[in-house]
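> mind looking at a prediction? Sequence and model below.
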Amino acid sequence: MAIPNLEGYSGKTVKQEIKLEGTDLEERSGFWYTHYKEKEGDSERMDITSWITIEPKEYTIKQGETKVFTVTVKIPKNTGPGLWGATTEDAWKEGHSAERRTYVVFKDAPGGGNVYSGLLIPISVKVLPNPNLFARAIDFVQQNLLIIVLSVVIIVLLALILLKKRK
């Protein structure tokens, strides 16, 4: 199981569902969390754990039940295009485990015990170039709105002063 190369734009949210089926005779309780497998020389693009949430985080599942979990990835604003969370787009494939960095981890225990089994699910995100031609201008205006408003106010005041002097 893998959540490879989810696609989204900078500043947007991407969601993916995971279904878990209760196949054991015993009820199982567990939880989800994210994990970053740090390797020397990794770039900032590898650790995307802060982008990811899983709901519900904790659960109990009985035989025959199916539970649906939502993995939500909030791509931060100003995130550059490209692959994040893995070194290659093939990282999720068998034989490519050395290329994986960010994981959604599932741990559970039968009957609420303290011996856990688990599952590492590699996750990566392809941040797409923003299709909006004016995206940079819009981002600039959003980030500098106060300065722009103050500049406009100063220009209007100067124009009013100059108009009064002409009269």
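All right, it came through fine. Remember, it's a predicted structure, so these values are computed and weren't measured experimentally.

> where do the helices sit along this structure?
Assignment of helices within the chain using DSSP state H yields the ranges 135-143, 145-166.

> do a quick rundown of the strands in the protein.
Taking DSSP state E, the strands of the chain run over residues 3-9, 13-21, 28-36, 52-55, 58-61, 66-74, 82-84, 102-110, 117-128.

> could you check the angle strand 117-128 makes with the first one?
Between strand 3-9 and strand 117-128, the angle formed by their directions is 30 degrees, by axes from the mean of the first three to the mean of the last three CA atoms, to 10 degrees.

> buried residues in the helix or strand of the chain with the lowest mean pLDDT?
Taking mean pLDDT, DSSP states H and E as the measure, the helix or strand of the chain with the lowest value is helix 135-143, at a mean of 78. For helix 135-143, burial by neighbour count (16 or more other CB atoms under 10 Å) applies to D139. Placement of C-beta: from N, CA and C, glycine included.

> what residues does that helix touch?
Helix 135-143 is contacted by residues K77, N78, N132, I148 when judged by CB atoms under 8 Å, 6 or more residues apart in numbering.

> farthest pair in those residues?
Comparing every pair within the contacts of helix 135-143 by CB to CB identifies N132 and I148 as the most remote, at 19.2 Å.

> tell me which residues of stretch 4-24 are tucked away?
Residues of stretch 4-24 classed as buried by neighbour count (16+ other CB under 10 Å): P4, N5, L6, G8, Y9, S10, G11, K12, V14, I18, L20, G22.

> so which of those comes closest to A159?
Comparing every one of the buried residues of stretch 4-24 with A159 (CB to CB), the shortest separation belongs to G11, at 35.6 Å.

> tally of neighbours for I52?
Counted by other CB atoms under 10 Å, the residues lying close to I52 total 22.

> could you double-check that it lies in contact with P122?
No - between I52 and P122 no contact is recorded; they are 12.0 Å apart, counting by CB atoms under 8 Å.

> hmm, N132 and S10 touching each other?
No - S10 is not in contact with N132 according to CB under 8 Å; the separation is 10.6 Å.
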